[in-house]
Each structure stands twice: as structure tokens, then as C-alpha cells.
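Peer 1: take a look and give me a structure for this.
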Amino acid sequence: MTHARANILLLAAGAIWGLGFVAQSSAMSNIGPFTFVGLRFLLAALTVVPLAIREARAAASPLSRADYYGFAFLGVLLFIGSILQQIGLETTTVTNAGFLTGLYVVMVPFLAVIIYRQWPHPVVWPCALSALAGIYLLSGGHLQGLTTGDWLIVACAIFWALQIIFMGRIAIRSGRPIMLSLVQFLVCGVLSMLISLPLETPNPALILAVAPEIIFAGVFSSGIGFTLQAIGQRFTTAPQAAIMLSSEALFAALFGTILLGERMGVQGMAGCALIFIAMIAVELIPAMRKRATA
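Peer 2: Numbering: from 1, shown residues only. Below you'll find the model as predicted:
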């Protein structure tokens, strides 16, 4: 697969996730976050089972125990990030959630320094300040304006960044992106359901009431979206993948406006613009300078 096609897959995943924010927000009025995340990812696992079987039959060699450990580790990161995001959506808007989740684009190079000692391009540092200024404006010009949900979404972005960093390496090493998706979905879904049983006591009638949202989030946002991510990241770098996946923020704002009637003030729009500029600059400026010196 070419680099361009991989980025198209990642862009498609971003669009699906952007619409998924609407489904996630709507479902919270009927069921708890652990129940929603558990059902969502168990359904996602069922969605990719046929593809995983086909991939396994075509594989030249079996997966090692280390591969499965890596897949399960990604499942834990997915679980933490998904739960933080789902709980955060209880007290923030779809638009805010979309943009604040997108902070993982700036976090990826920072965490790469800590984990792999890979120093990013100098443009990363002003981009980080731009993103922080954007959060300040998004809060209404005072930090206490950020809700608990907003801060949970920021924490969620950290785990998305970690998932992106490790996803690329594990997907390339194993060569089995669909099995990777299946295992991480199962781990995330089972952990969520185990916690939901004592804390939320899932109600079948309420679950049926939000079945369309669960189906969309499970089949499309998770089953298709995360699998597109796993496939695409085999053929691009983590920062490039992050910038393509950040398109979910734009799609979340667009769908939040069209479907939920959400509106944002001038300060909020300025904050979103600063965050988005940071997302774009952290990837495009190093690439442009590299071409200029080539």
C-alpha cells in the first residue's frame, strides 16, 4: 500500500470517528459509560472476526506470544482512553470533545521523546503553546471555565497518543492489523463489561433504546474506524497518522452543528482555530523544510 492510500484510510477513520461523537453523546442519556464502551467494542470484535479469520489463513507464519501481549496492551490503552472520553462527554459538548481529543496530535511527539528518546522538530514547542492557548480560549478565557468533562477528554488524549505511538510499531512488527484490532477490541470490551456489571447494572430496555447509537459506534466507529487506523499506520509515521486522524475534530464540530444544533462563541472558535493550527503546523512545517533542503 502506498503512503498516500494509507493517509486516505486514516482520513476516512477520522471522518467516521467525528460522526461517532454524536452517537456517543446521544447514548449517554440512557446508559452508563462502561456499559456503552463494553457493548460498543464487543460488537466491534464481532464485526472484524470474519476478516481476522481470513487474514490468519493468508498469513505466512503464526503470531507469537509477544504479538498477543502487544495487542492486549493496546486494548488496555484503548479501554482507558475510551472510558475517559465517554465519561467526559457527560459534561462537555461534542464540539469541545472533538477538538480536545485532537490534542493527541501535539502529544505524540512529546511522548515519543519520553518513551523512545526521539526528539521532535523545534516547531513542536510553539505548537504546544498554541494548543494550550487554544484550551484557555475554549474555556471562555479562564481555566475554571473548563468542565470536568473537558479535563477528562484532555486525559483521554494522552492515552490516544500512546495508542498511536505503540500501534504503529506493533502493527508493523506483527503484520496482522486485523487480528490486532480483534484482540484490542475484546480486551477493551471485556474490561468495560466487567466493571459495568457492579457499577451500572445494565438495563436491557434502556440498551435497546440506544441500539442505533451502539450499532453505529460498534460497527463503524470501532470495527471499521480502528481497523482502518491499524492498517494505515503500517505505512506511515505516528505523527503523520496523528495529523490525518485529527480530522475527527473538524468532523465532530461539523456534525455537532448539523445534527445537535450546538453553537460556539467567538472565543471558542478562536480557541479551536489555535488548536487546529497547532495540529497542522506540527506536521506540515517539518515536511516543508525537509523538501526545501532536499
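Peer 1: state the number of residues packed around Ala72.
Peer 2: Close neighbours of Ala72, defined as other CB atoms under 10 Å, add up to 14. All C-beta atoms are positioned from the backbone trio N, CA, C, and that covers glycine.
Peer 1: tell me the secondary structure at the nearest residue in space to it that is not next to it in sequence.
Peer 2: Leaving aside its sequence neighbours, Ala72 sits nearest to Val187 (CB to CB, 6 or more residues apart in numbering; 5.1 Å). Secondary structure state of Val187, per DSSP: H, G, I helix; E, B strand; the rest coil, is helix.
Peer 1: equivalent analysis for Pro202, please.
Peer 2: Note that with three-state DSSP, the state of Pro202 is coil.
Peer 1: mind checking how far the residue nearest to it when sequence neighbours are not counted is from Ala13?
Peer 2: Closest residue in space to Pro202, ignoring its immediate chain neighbours: Thr35 at 4.6 Å, by CB to CB, 6+ apart. Thr35 is 24 Å from Ala13, where distance means CB to CB, to the nearest Å.
Peer 1: go on, Phe166?
Peer 2: Distance from Phe166 to Ala13, by CB to CB: 17 Å.
Peer 1: comparing these two, which residue is more hemmed in?
Peer 2: For the pair Phe166 and Ala13, the greater number of neighbours falls to Ala13 (26 against 17), based on other CB under 10 Å.
Peer 1: Gly232 is in contact with that one, correct?
Peer 2: Yes - taking CB atoms under 8 Å as the definition, Ala13 is a contact partner of Gly232 at 7.1 Å.
Peer 1: and the helices in this protein?
Peer 2: 3-27, 33-58, 65-88, 94-101, 104-116, 124-138, 148-174, 177-200, 204-209, 211-215, 225-232, 238-245, 247-260, 266-293 (DSSP state H).
Peer 1: for those helices, which one ends up most surrounded?
Peer 2: Of the helices of the chain, the one with the most neighbours on average (mean count of other CB atoms under 10 Å) is helix 94-101, at a mean of 28.
Peer 1: quick one: mean pLDDT for it?
Peer 2: Averaging pLDDT along helix 94-101 gives 70.
Peer 1: which secondary structure element of the chain has the lowest mean pLDDT?
Peer 2: helix 247-260 (a mean of 68; mean pLDDT, DSSP states H and E).
Peer 1: re earlier: any idea how far Arg65 is from the residue nearest to Pro202?
Peer 2: Taken as CB to CB, the span from Thr35 to Arg65 is 32 Å.
Peer 1: which residue packs closest to Phe220, ignoring adjacent ones?
Peer 2: Ile16 (5.4 Å).
Peer 1: list the contacts of that neighbour.
Peer 2: 220-221, 224-225, 228 (CB atoms under 8 Å, 6 or more residues apart in numbering).
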